[in-house]
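>>> Quick one, structure for this:
(one chain, ligands or ions: 2)
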Amino acid sequence: MPPTTPPFDTTPIVVFGPSGAGKGTLLQKLFAEFPDRFGYSISHTTRAPRPGETHGKEYNFTSMEKFQEMVGQGAFVEWARYGSNCYGTSVKAVEEVEGRGRCCVLEIEMEGVKQVANHPTFPRPRFVFISPPSPEVLEKRLRSRGTDKEEEVLKRLEQGKKEMEFAKSGGVNPKVVVNDDLERAYKELKEWVVGKES
Ligand code: ADP
Ligand code: 5GP
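Ligands and ions are numbered 1, 2, ... in the order given. Okay, the predicted model is just below:
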């Protein structure tokens, strides 16, 4: 069994991939299996909460005005526009996780990934790209999740293509996990994340 208490590798982990690929699903499994080892960096977003999402848990939901104010104050490690909304990782969110001695996990989109990779002070993280098995499956998952309006689904699919190209471009050279069968993909992710110690 990999250790669930320190010392363990606390190098931050950046998870990215097209919307609907299964990032949230895989991370939930990882956090459930290792409840004391990882800490989710709770981002700020201007998007409205989905049913079941709670302020301060999945996201800090905020107004565009407040978000822009935080940008001006240099409060973000990285931030980006995605669809019609803004998303950002605050310095405070990362510090909160680090302060608890946990491995900080960021789940962010491509522009944020680039900023983190080129950040002057943020520690060099480990990058993992969650890929759908095919564009068709991605579209099916995104639609069956049922959380986004048609216009938003189309934007996400378009953005997803760019994320796939970026992952292949070699910019951050991520570990790639194809989320075909959930249990198989989870095993691969888990082994990459904690494998050296298992
Ligand atoms: P993301 O966080 O990348 O946007 P989600 O984790 O929300 O994606 O997953 C999108 C949808 O696909 C959800 O309805 C989820 O239950 C489903 N899903 C995730 N992984 C799989 C899988 N391996 N097989 C089938 N459905 C999956
Ligand atoms: P969703 O609206 O589906 O929760 O997220 C949309 C996209 O925004 C996803 O690709 C997600 O990874 C990304 N995202 C979430 N939080 C952040 C963040 O803090 N910064 C950036 N750059 N992207 C984020």
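>>> quick one, longest helix in the protein?
What stands out as the longest helix in the chain, according to DSSP state H, is helix 150-168.
>>> in it, what counts as buried?
By neighbour count on 16 or more other C-beta atoms under 10 Å, the buried set for helix 150-168 is 152-153, 155-157, 159-160, 163-164, 166-167. The C-beta positions use only the backbone N, C-alpha and C, and glycine is treated the same way.
>>> by contact count, what packs against that helix?
The contact analysis (3 or more C-beta pairs under 8 Å, 6 or more residues apart in numbering; DSSP states H and E) places helix 150-168 against helix 110-117, strand 126-131, helix 135-145.
>>> Please identify the deepest-packed of these.
Using mean count of other C-beta atoms under 10 Å, the stretch among the helices and strands packed on helix 150-168 with the greatest mean number of neighbours is strand 126-131 (a mean of 22).
>>> So which residues make contact with that strand?
For strand 126-131, contacts defined as C-beta atoms under 8 Å, 6 or more residues apart in numbering pick out 11-18, 21-23, 26, 113, 117, 163-164, 167, 172-179, 185, 189, 192-193.
>>> Please name the residues that touch F76.
F76 sits next to 44, 70, 88-91 when contact means C-beta under 8 Å, 6+ apart.
>>> Tell me the bridge partners for it.
Beta-bridge pairing for F76 (DSSP bridges): S90.
>>> contacting residues around the residue nearest to D148 when sequence neighbours are not counted?
Distances taken as C-beta to C-beta, 6 or more residues apart in numbering put R156 closest to D148, at 6.5 Å, once the chain neighbours are dropped. Listed by C-beta under 8 Å, 6+ apart, the contact partners of R156 are 18-20, 83, 142, 148.
>>> Having no further points to raise, I will conclude here.
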